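Asker: Coordinates for the following, if possible.
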Amino acid sequence: MAANLAGVNIVVTRAAHQAEELGAPLRARGANVIVLPLIGIGPPRDPAPLREAVRIVDQHDDQYDWIVFTSANAVDAFAAELGDPSSLRSRIAVVGSATREAAEAYGFQVALIPRRYVAESLAEAFATEQLAGSRILIPRAEVARDVVPGELRKRGAQVDVVDAYRNIIPPEAAAGVAATFRDPLPHWVLFASSSAADHLAALCDLAVLHRLRIGTIGPVTSATVRKLGLSVHAEANPHTVEGLIEAVVAAHMGSWQADR
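Answerer: Okay, here's the model as predicted:
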């Protein structure tokens, strides 16, 4: 693999347990990776709705036709409550490849995945399914967009959304931000979620962030970055870790060529 990021200092802001999925291939490209987790995963403030949903699924009591996972973290939280997914009668839909891998690692059989890994495409992927009168469960982050449940309800489905986890700022993040974003500044900071961008903006002077190149996992995260008044220099397409790395390489090589 070409070391086309040699000497480039890149900040990875994913949750600690997910950081190496992005960090390791960046190092293989020659980058100096600074792991700065800006996402922590906390339990929902009220765990009762999730536990009741899992009870329904586990006991086949007024069963859900579909369970929709929009993140690997949702899979983790749901699986932790469920135990054994092998007896599930519900069909499983996921938003993208990372979520599919997480689901399959627990033994879930994925029946539906969109061609593009964004919420809008997940809703579109249900176009060939008869949803009128069906029951759909969406365990997800406490704060999330309503694109998927809204579109499925328009199709006549009964959709239950339950909080499975919370995105929180890790306690050690403030010290990490202070140590990382000082001269000499890193070259890039990468966001795999809108929450990571919001959390960094809450901890760091935006004037400092204007001096960095920013890479994002996809258009939703890019929109959040721009809403903060910052520029996006690389956006993954496809919206995967691999897509993000390739976008950063292309942007870096393009700027290097322009500077010659």
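Asker: Can you show me the helices along the stretch 101-250 of the chain?
Answerer: Secondary structure of the stretch 101-250 of the chain, counting by DSSP state H, counting those that start in this stretch: helices at 119-125, 147-154, 173-180, 194-203, 206-209, 219-227, 241-259.
Asker: most neighbours per residue, which of those?
Answerer: helix 194-203 (a mean of 22; mean count of other Cβ atoms under 10 Å). (Each C-beta comes from the backbone N, C-alpha and C, glycine too.)
Asker: Just want the angle from it to helix 173-180.
Answerer: 70 degrees (axes from the mean of the first three to the mean of the last three Cα atoms, to 10 degrees).
Asker: who touches helix 194-203?
Answerer: 13-14, 38-39, 141, 143, 167, 169, 173-174, 177, 189, 191, 209, 216, 220-221, 223-225, 228 (Cβ atoms under 8 Å, 6 or more residues apart in numbering).
Asker: picking that back up, quick one: which of the helices of the stretch 101-250 of the chain is nearest Ala98?
Answerer: helix 241-259 (7.1 Å; Cβ to Cβ).
Asker: who does that closest one touch, helix- and strand-wise?
Answerer: Judged by 3 or more Cβ pairs under 8 Å, 6 or more residues apart in numbering; DSSP states H and E, the packing partners of helix 241-259 are helix 19-28, strand 188-191, strand 213-216, strand 234-235.
Asker: just to revisit the earlier point, present the helices of the stretch 101-250 of the chain as JSON lines; the columns should include mean pLDDT and distance to Asp160.
Answerer: JSON lines is the format used below for the helices of the stretch 101-250 of the chain (pLDDT from 0 to 100; distance: least, Cβ to Cβ, whole Å):
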{"stretch": "helix 119-125", "mean pLDDT": "75", "distance to Asp160": "16"}
{"stretch": "helix 147-154", "mean pLDDT": "88", "distance to Asp160": "9"}
{"stretch": "helix 173-180", "mean pLDDT": "98", "distance to Asp160": "32"}
{"stretch": "helix 194-203", "mean pLDDT": "96", "distance to Asp160": "23"}
{"stretch": "helix 206-209", "mean pLDDT": "96", "distance to Asp160": "38"}
{"stretch": "helix 219-227", "mean pLDDT": "95", "distance to Asp160": "23"}
{"stretch": "helix 241-259", "mean pLDDT": "81", "distance to Asp160": "30"}
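Asker: From the chain's centroid, how far away is stretch 208-223?
Answerer: 14 Å (Cα atoms, centre = their mean, to the nearest Å).
Asker: Then stretch 152-166?
Answerer: Taking Cα atoms, centre = their mean, the mean C-alpha location of stretch 152-166 is offset from the chain mean by 18 Å.
Asker: So what touches that stretch?
Answerer: Contacts for stretch 152-166 (Cβ under 8 Å, 6+ apart): 41-46, 49-50, 53, 64, 66, 68, 73-74, 76-78, 123, 126, 131-143, 149.
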